[in-house]
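Enquirer: curious how this folds, go ahead:
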Amino acid sequence: MRDEWIRRVIESPERENVQADGRIRRWAKIDEHEGRYLRVVLLPDAQTVHNAFFDRGYKP
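Expert: Next up, the predicted model:
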């Protein structure tokens with residue numbers, strides 16, 4: 001997984017959801033990776049990356 005993809009999701013998400021614990025989930029399509037959706041989970045400060053992975057269950 002490339003850092004540039006993670007930055008792209010953080011800066012230009014297609015969808016965003018705030019969890020009950022304050023963590024922020026953001027998704028964006030990564031065309032360079034077969035058009036799969038990357039989910040980036042940020043801590044409540046909206047800057048620190050907690051996790052990032054390709055979300056097989058995401059439906060746009």
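Enquirer: please, where are all the helices along this structure?
Expert: 3-11 (DSSP state H).
Enquirer: low-confidence stretches in it?
Expert: Within the chain, not a single segment meets pLDDT under 70.
Enquirer: what about the strands in it?
Expert: Per DSSP state E, the chain carries strands over the ranges 15-18, 24-30, 36-42, 49-54.
Enquirer: and of those, who's closest to Arg2?
Expert: strand 24-30 (8.7 Å; CB to CB). C-betas here are computed from N, CA, C, even on glycine.
Enquirer: show me how far the closest one is from its chain's centre.
Expert: 3 Å (CA atoms, centre = their mean, to the nearest Å).
Enquirer: which elements pack onto it?
Expert: For strand 24-30, the packing partners by 3 or more CB pairs under 8 Å, 6 or more residues apart in numbering; DSSP states H and E come out as helix 3-11, strand 15-18, strand 36-42.
Enquirer: hey, which of those is tucked in deepest?
Expert: Of the helices and strands packed on strand 24-30, the one with the most neighbours on average (mean count of other CB atoms under 10 Å) is strand 36-42, at a mean of 19.
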